[in-house]
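> sequence and predicted structure below; questions after.
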Number of protein chains: 2
Amino acid sequence: MIDGVFAPLARGASGALGLADDAAVFEPPTGIEIVATTDALVAGVHFNHDDPPDLVGRKLLRVSLSDLASMGAEPDAYLLTVALPPDCDESWLETFASGLSEDQEEFKVYLIGGDTVATRGPLLLSVTALGRVPTGQALLRSGASEGDEIWVSGSIGDGALGLLTLQSGVEPQVERDEAWLKERYLLPRPRTALGLALRGLASSCIDVSDGLIADLNHVCEASGVSAVVNLECIPISEPAKALLSDDPKLIRSILGGGDDYELLFTAPSAAHDAVRQAAGTCEESVTRIGEMSAGSGVIVVNGENEKIDIVEKGYTHF
Amino acid sequence: MIDGVFAPLARGASGALGLADDAAVFEPPTGIEIVATTDALVAGVHFNHDDPPDLVGRKLLRVSLSDLASMGAEPDAYLLTVALPPDCDESWLETFASGLSEDQEEFKVYLIGGDTVATRGPLLLSVTALGRVPTGQALLRSGASEGDEIWVSGSIGDGALGLLTLQSGVEPQVERDEAWLKERYLLPRPRTALGLALRGLASSCIDVSDGLIADLNHVCEASGVSAVVNLECIPISEPAKALLSDDPKLIRSILGGGDDYELLFTAPSAAHDAVRQAAGTCEESVTRIGEMSAGSGVIVVNGENEKIDIVEKGYTHF
């Protein structure tokens, strides 16, 4: 059964050996570094039993691809671990695999190995993704300097508001907005092309998975600097703006909710135009939201440059 | 907490970036292929709650290292996924990590990344191990030819009898035997050095995890040949022999029970002396147990060369 469902995902990857050997084998080209990341999703925690299985598969893969993107890495291959509860449904797995298959094509990545085990607990899915960057060009969290501009791709907060919408915590008035926000949560878009385009330009990079403030704080800690973010510069989508105008407190979810999978990066101000151009080339929007400074932690200011009360890792205290 | 427990395991691996970035980065040397494998263990299925946590950590890592060994690959690094139930005990994790640490040193391998998630189900542990082989030298399941000799390292059946001993399914009469068999199950020894030494000699290789007959059948299927195994040549340890003399039916567990993590490999008969010498160099015992032939499936014969009734994938029907 497993063979039938997953072996087709390994077609096209000669090193996967048809998933029929003890391990996968692949030859890295010279002059590159391998980038490796692993992420797990658990039913009832990271996704719901009634989420469309193909979207669960795609999100699983995309969360790892987003990690690769944030390193400036090109995706190559992945290994999949599936822990199956006794009641697991074959048709669920088939639809799950069809989602993986769809995204393999979109992101040019192949299944090269895996393990399937039994569990009495909830379904658990885990991906280890492997990618590559030219040697020395990986984008790290630790490269930000005082004076660097802070940028973010796309819009922030849609993931958190999408989850709230799915949980009926908020109710978008426009049906199209509701569907759009849910999809932003269920099917994040790894900014792979942007990550590649930022090599040599960005001084640091991270993907927004824990929340904008929390992830920016990770960059501050790794780089030994502070960040000043202008709240009014943060790119917010129209559907999110509509919800926010009804309930201004939702700004907490927008800044702290995570699951955006946008790239949050810094670059010297001298690279400002080059960053805009790089983003334009891959048809991604990027917004300058602040500047790195001396010290530590994330400071949020309003349009009048007044500090908004937010402590380090502020989203829990906003 | 997690940082405190796992970050020390990443010391010494610069590419792990202190487990504080989105992904690990490492530069493969030229002229090599990367070998990647993933394995998961679930509490209550693959280990018991009262198994010593350090041994669980070491077995988790060793199962993947055994896959690398069977490919002739040298281990480099691993990524760890831990799904924690609500009642998971910090001291359990600390002892688990101490086991990983011990084996990292023994096998010269480092933690370079991971993910820790919450689950309502049983504790699940998963490792993706990465290793290397010189390009084109990986040992595959598919290279066996008619006439090749079949070899196995160490002794077969101790893993299965160790598990039976732990489950009180058998009772070794000698206390030392009991402890030895249990350890063979709880702490398998990946034959890393032997795997490396067999490069260029073995025509195919697999590690015995499903059981001798089942794994040999995997080689037959991948190579398009059959295997004739002489039952009386199969290396059986003294503790296993003692149990077997009390209950001859235990031969089924010995041939079919798996969890031996010995190397099962084939080599041309012209390489017979070279195989012995290679094994001698790394102080491993190897035993010739049969010969590959035309056709398909595994045939077991006794000392009088009489076929013993065993169908393909025979351990379920032995």
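The structure has been received and is ready for your questions. As the structure is a computational prediction, the values presented were derived from the model and not from experiment.
> mind listing what A:V225 touches?
A:V225 is in contact with A:144-146, A:148, A:292-296, counting by CB atoms under 8 Å, 6 or more residues apart in numbering or on different chains. All C-beta spots, glycine's among them, are computed from the backbone N, C-alpha and C.
> among those residues, which lie within strands?
Per DSSP state E, strands hold the following members of these: A:292-293.
> farthest pair in the contacts of A:V225?
A:D148 and A:S296 (15.0 Å; CB to CB).
> so what strands line up beside the helix or strand containing A:G290?
Assigned by DSSP states H and E, A:G290 falls within strand A:286-293. According to DSSP bridges, strand A:286-293 has the following sheet partners: strand A:149-153 (antiparallel), strand A:226-230 (antiparallel).
> what comes into contact with it?
A:144-153, A:194, A:220, A:223, A:225-230, A:233-235, A:266, A:272, A:275-276, A:279, A:299.
> filter these to the buried ones?
A:144, A:148-153, A:194, A:220, A:223, A:225-230, A:234-235, A:266, A:275, A:279, A:299 (16 or more other CB atoms under 10 Å in any protein chain shown).
> for the residue of chain A found nearest chain B, the count of nearby residues, please.
Nearest residue of chain A to chain B (CB to the nearest CB) works out as A:G121 at 1.2 Å. Close neighbours of A:G121, defined as other CB atoms under 10 Å in any protein chain shown, add up to 22.
> which stretches in the stretch 101-250 of chain A count as strands?
In the stretch 101-250 of chain A, the segments counted as strands under DSSP state E, counting those that start in this stretch are A:110-118, A:124-134, A:149-153, A:204-207, A:226-230.
> got JSON lines for the ones you listed, with mean pLDDT too?
Listed next are the strands of the stretch 101-250 of chain A as JSON lines, based on pLDDT from 0 to 100:
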{"stretch": "strand A:110-118", "mean pLDDT": "93"}
{"stretch": "strand A:124-134", "mean pLDDT": "97"}
{"stretch": "strand A:149-153", "mean pLDDT": "98"}
{"stretch": "strand A:204-207", "mean pLDDT": "98"}
{"stretch": "strand A:226-230", "mean pLDDT": "97"}
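> got those strands as CSV, with distance to B:D50 columns?
As requested, those are arranged in CSV below (distance: least, CB to CB, whole Å):
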stretch, distance to B:D50
strand A:110-118, 20
strand A:124-134, 23
strand A:149-153, 49
strand A:204-207, 40
strand A:226-230, 48
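> tell me the contacts of A:L161?
By CB under 8 Å, 6+ apart, the contact set of A:L161 is A:170, A:181, A:184-185, A:239-240, A:243, A:250, A:253-254, A:257.
> equivalent analysis for A:A267, please.
A:148-149, A:151, A:198, A:201-203, A:274-275.
> what pLDDT does it get?
Looking at A:A267, its pLDDT stands at 98.
> could you do A:P53 as well?
In this model, A:P53 carries a pLDDT of 95.
> repeat that for A:G257.
88.
> quick one on the thing from earlier: closest to A:N305 out of the contacts of A:L161?
The closest of the contacts of A:L161, once distances to A:N305 are taken by CB to CB, is A:I254, at 20.5 Å.
> please name every helix or strand in contact with whichever strand or helix holds the closest one.
Secondary structure assignment for A:I254, by DSSP H and E: helix A:251-256. Applying 3 or more CB pairs under 8 Å, 6 or more residues apart in numbering or on different chains; DSSP states H and E, we find helix A:251-256 packed against helix A:158-166, helix A:212-223, helix A:238-246.
> distance to A:K307 and pLDDT for the contacts of A:V225 - can I get that in a markdown table?
Below are these laid out as a markdown table (distance: CB to CB, whole Å; pLDDT from 0 to 100):
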| residue | distance to A:K307 | pLDDT |
| --- | --- | --- |
| A:A144 | 20 | 98 |
| A:S145 | 22 | 98 |
| A:E146 | 18 | 98 |
| A:D148 | 20 | 98 |
| A:M292 | 16 | 98 |
| A:S293 | 12 | 98 |
| A:A294 | 16 | 97 |
| A:G295 | 13 | 97 |
| A:S296 | 15 | 96 |
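> count the neighbours of A:L196 for me.
Counted with other CB under 10 Å, the neighbours of A:L196 add up to 18.
> quick check: it touching A:M71?
No - judged on CB atoms under 8 Å, A:L196 makes no contact with A:M71 at a distance of 10.2 Å.
> for A:C205, what are its contacts?
So A:C205 contacts A:70-72, A:139-141, A:195, A:198, A:263-266 (CB under 8 Å, 6+ apart).
> ok, A:K182 next?
A:162, A:165-166.
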